[in-house]
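>>> how does the following fold in three dimensions:
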Amino acid sequence: MVVAVVLLGMLYAAPNMYGSDPAVQISGARGAVIETADLDKVKDVLTKDGFDAKSIKLENEQVLIRFNDVETQLKAKDVLSESLGANYIAAINSAPSTPAWLENLGGAPMKLGLDLRGGVEFTMEVDMQTAINNQLKQMQQDFRSDLREQKIRYRSIREVANADRVQLVFRNSEDKDAAESYLQKNNPTLEFRDDRSNELAFTARLTEAKLKEIRDYAISQNLIIIRKRINQIGVAEPNVQRQGKERILVQLPGIQDPARAKEILGSAATLELRMVDQDNDVRDALAGRMPPGSEVINDQFGRPVLLKKRVMLEGSHITGAQAGYDQYQRPQVSLQLDSKGGSKMAAFTKDEVGNLMAIVFIEYRPSGKVDENGKALPPIKHEEVINQATINERLGRRFQITGIDTPAKAQHLSEMLRAGALVAPIQIVAESTIGPSMGAENVEKGITAVVLGFIFVLVFMLLYYKGFGLIANIALGLNLVLIVGAMSVLAGATLTLPGIAGIVLTVGMAVDANVLIFERIREELADGRSPQQAIHHGYDSAFSTIFDANITTLIAAVILYAIGTGPIQGFAITLAIGIVTSMFTAIVGTRAIVNALLGGKRIEKLSI
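Predicted coordinates for the structure are as follows:
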């Protein structure tokens with residue numbers, strides 16, 4: 001058993017010896033599949049611009065290009081982004097150089113934190129004007145609902161362009177006064193003023209305090225949603241924080257799929273459910289005779305569809321989205337709504353049975369451009385009708401979207417919707433590789449501490465316990481191998497600088513168990529027992545003490561991991577792994593070696 005465990009540990013620790021290559025990863029936008037023709041296109045771009053690639057491969061529906069140095073990697077990424085266009089995503093990556101046979105066995109190097117390995121850093125900017133515009137639209141809807149409930153008649157409610165305010169126009173002064181009194185009482189965060197240009201109108205304006213609240217809310221909610229999206233792509237120990245008034249900093253250490261990370265982080269997707277305008281002809285609308293309250297949006301095949309502007313349901317009510325297949329094995333996305341969304345859906349579809357409903361997919365794509373001040377230009381809004389279906393019955397909280405081209409697109413759509421609709425669109429304005437955040441000197445000192453601690457413990461054990469000290473040293477070396485192997489296998493384990501401190505601590509704790517055992521053996525020998533009896537009683541007597549001491553430390557490590565974040569979790573996980581492996585090597589491992597060397601033999605004296 002000991003040999004099998006050690007060999008397994010050595011196998012999965014081996015990938016850490018091969019290092020990694022600077023690379024660029026190319027993937028299709030919005031879940032599009034990369035094919036051989038796309039690979040040839042990438043090769044042509046690199047050849048044309050004279051880039052020397054170490055290797056170019058099509059794997060997992062993505063193109064991975066390895067380079068010999070970081071400088072070439074960064075230059076090639078910029079050229080590829082510009083040449084390939086918006087249908088492709090080019091992202092920088094660090095690709096492990098693990099041999100194929102080892103990868104086929106599930107081998108992969110340890111995930112290293114930002115303080116050891118560095119990673120990719122995205123600076124994302126929130127489109128605050130869209131957040132404010134969304135609030136103004138919500139104000140208009142709320143005002144209409146409130147005035148209808150109070151049976152107060154109004155002529156129009158509309159947004160005043162570039163003024164952060166809404167104008168309400170009435171038919172007479174009585175309705176105006178009644179509306180102003182009621183709305184002012186129920187909306188204390190808004191500023192109401194009479195409109196000088198119209199005596200039967202007043203305006204509702206967002207105060208500076210309310211504008212600040214909107215901006216802070218947009219940042220805080222987008223931070224939460226970005227963290228959710230990062231969790232979906234499985235990045236360990238990311239750093240997501242606010243930077244200034246309108247930006248969010250995202251640092252992703254050692255990501256395995258940076259192209260997908262870039263797409264998920266930079267996309268803002270949602271849905272709108274609207275009724276198809278079946279009373280008018282789309283050809284008349286295209287000819288310039290647009291019906292009031294309607295607009296034309298193209299479907300996924302570029303065909304125009306005439307829709308009513310009124311939104312039945314927005315994507316903010318979506319609580320769950322799962323990609324799958326319908327009964328005819330066609331891609332679909334199953335949606336689940338919150339209680340309010342379910343009520344809205346039931347109310348709207350109650351009187352629309354037999355009519356066509358359209359599902360509009362809305363995505364804000366980064367413009368990739370900046371103004372003269374270096375500020376990112378607003379993202380480009382892209383709308384597309386992805387499905388039209390007849391409402392056969394009253395719908396509720398659960399329903400399905402069909403008519404999606406490929407399973408990859410269905411999966412992409414479900415990921416976007418499951419992660420949550422962003423309060424305001426965001427776009428990546430800067431992307432870069434980052435070095436160790438703690439500094440190369442501190443990293444070097446951490447590794448030196450592990451090496452020196454290991455050497456001093458080896459020397460002490462060898463001098464003090466002689467032959468048995470050598471056995472403990474062998475077990476200590478195997479313990480480090482098992483720690484590295486376990487850290488490489490566990491999906492949620494990331495080695496950080498505090499994690500190195502945890503390894504240093506386990507080096508001392510690993511021989512601590514052997515010290516207890518060896519001292520117990522010495523006591524048994526002093527009491528006159530034979531060497532074989534002393535070994536047997538020494539291991540058996542010390543076991544309960546070793547177990548109790550390690551289990552209490554393990555409890556502390558579990559609590560640290562549960563309530564801690566970032567570096568604290570990194571320390572806790574290496575400590576916990578080190579405790580388990582050290583107990584195995586110090587108790588089971590050393591006893592197996594002792595039994596193999598001394599078991600069944602007549603021994604007059606022990607080297608201890």
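
>>> what's the residue nearest the centre of the chain in contact with, if anything?
The chain has residue 230 as the residue nearest its centroid, 0.7 Å off, counting by CA atoms, centre = their mean. Counting by CB atoms under 8 Å, 6 or more residues apart in numbering, residue 230 makes contact with 238, 240, 250, 252, 261, 265. Placement of C-beta: from N, CA and C, glycine included.

>>> out of those, which are inside strands?
Counting by DSSP state E, those place 240, 250, 252 in strands.

>>> check which residues of stretch 279-297 are buried.
Along stretch 279-297, these residues count as buried under the neighbour rule (16 or more other CB atoms under 10 Å): 282, 285, 294, 297.

>>> skipping adjacent residues, who's closest to the last one in space?
With sequence-adjacent residues excluded and distances taken as CB to CB, 6 or more residues apart in numbering, residue 297 is closest to residue 383, at 5.1 Å.

>>> ditto for the third one
Across the structure, with CB to CB, 6+ apart as the measure, the residue nearest residue 294 apart from its sequence neighbours is residue 277 (4.6 Å).

>>> how many other residues sit next to residue 159?
Residues contacting residue 159 under the criterion other CB atoms under 10 Å number 15.

>>> try residue 194
Residues lying near residue 194 (other CB under 10 Å) number 13.

>>> confidence score at the nearest residue to residue 238 once chain neighbours are set aside?
Residue nearest to residue 238 in three dimensions, not counting chain neighbours: residue 230, with 4.9 Å by CB to CB, 6+ apart. At residue 230, the model reports a pLDDT of 73.

>>> and for residue 393?
For residue 393, the model assigns a pLDDT of 79.

>>> same deal with the one 4 residues further on?
What the model reports for residue 397 is a pLDDT of 82.

>>> what do you get for residue 415?
pLDDT at residue 415 comes out at 69.

>>> coming back round to it: what's the separation between the residue nearest to residue 238 and residue 64?
21 Å (CB to CB, to the nearest Å).

>>> check residue 521 too.
With distances defined as CB to CB, the gap from residue 521 to residue 64 amounts to 55 Å.

>>> between these two, which has more neighbouring residues?
More crowded of residue 521 and residue 64, by other CB under 10 Å: residue 521, with 26 against 19.

>>> related to what we said a few turns ago, least confident pick among the contacts of residue 230?
Per-residue pLDDT puts residue 261 lowest of the contacts of residue 230, at 68.

>>> okay, buried residues for stretch 219-226 please.
For stretch 219-226, using 16+ other CB under 10 Å, the buried residues are 219, 221-223, 225-226.

>>> wait, I meant stretch 329-341
331-337, 341.

>>> in JSON lines, list those residues along with distance to residue 22, secondary structure and pLDDT.
What follows is the buried residues of stretch 329-341, written out as JSON lines (distance: CB to CB, whole Å; DSSP: H, G, I helix; E, B strand; the rest coil; pLDDT from 0 to 100):
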{"residue": "331", "distance to residue 22": "36", "secondary structure": "strand", "pLDDT": "86"}
{"residue": "332", "distance to residue 22": "40", "secondary structure": "strand", "pLDDT": "85"}
{"residue": "333", "distance to residue 22": "37", "secondary structure": "strand", "pLDDT": "83"}
{"residue": "334", "distance to residue 22": "40", "secondary structure": "strand", "pLDDT": "86"}
{"residue": "335", "distance to residue 22": "41", "secondary structure": "strand", "pLDDT": "80"}
{"residue": "336", "distance to residue 22": "42", "secondary structure": "strand", "pLDDT": "83"}
{"residue": "337", "distance to residue 22": "45", "secondary structure": "strand", "pLDDT": "83"}
{"residue": "341", "distance to residue 22": "46", "secondary structure": "helix", "pLDDT": "81"}
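
>>> farthest-separated two in those?
Across the buried residues of stretch 329-341, no pair lies farther apart than 331 and 341, at 23.0 Å, counting by CB to CB.

>>> could I get the full set of strands for the stretch 201-350 of the chain?
According to DSSP state E, counting those that start in this stretch, the stretch 201-350 of the chain carries its strands in the segments 201-206, 239-243, 247-253, 268-275, 294-298, 304-308, 313-314, 318-325, 331-337.

>>> for the shortest one, what is the average pLDDT?
Translated: strand 313-314. According to the model, strand 313-314 has a mean pLDDT of 77.

>>> mind exporting the C-alpha coordinates of stretch 148-166 to CSV?
Taking Å, rounded to 0.1, in the frame of the first residue of the first chain, the C-alpha atoms of stretch 148-166 are listed here in CSV:
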residue,chain,number,x,y,z
ARG,A,148,-53.1,54.5,-13.1
GLU,A,149,-53.6,53.0,-9.7
GLN,A,150,-54.5,56.5,-8.4
LYS,A,151,-56.7,57.1,-11.5
ILE,A,152,-54.8,60.3,-12.3
ARG,A,153,-54.9,61.1,-16.0
TYR,A,154,-51.7,62.2,-17.8
ARG,A,155,-50.9,63.2,-21.3
SER,A,156,-47.3,62.0,-21.6
ILE,A,157,-44.4,60.7,-19.5
ARG,A,158,-41.0,60.9,-21.2
GLU,A,159,-37.3,61.2,-20.5
VAL,A,160,-35.7,64.6,-21.1
ALA,A,161,-32.6,64.0,-23.2
ASN,A,162,-29.2,64.5,-21.5
ALA,A,163,-30.8,65.9,-18.4
ASP,A,164,-31.1,62.9,-16.0
ARG,A,165,-34.8,63.7,-15.5
VAL,A,166,-38.3,62.7,-16.5
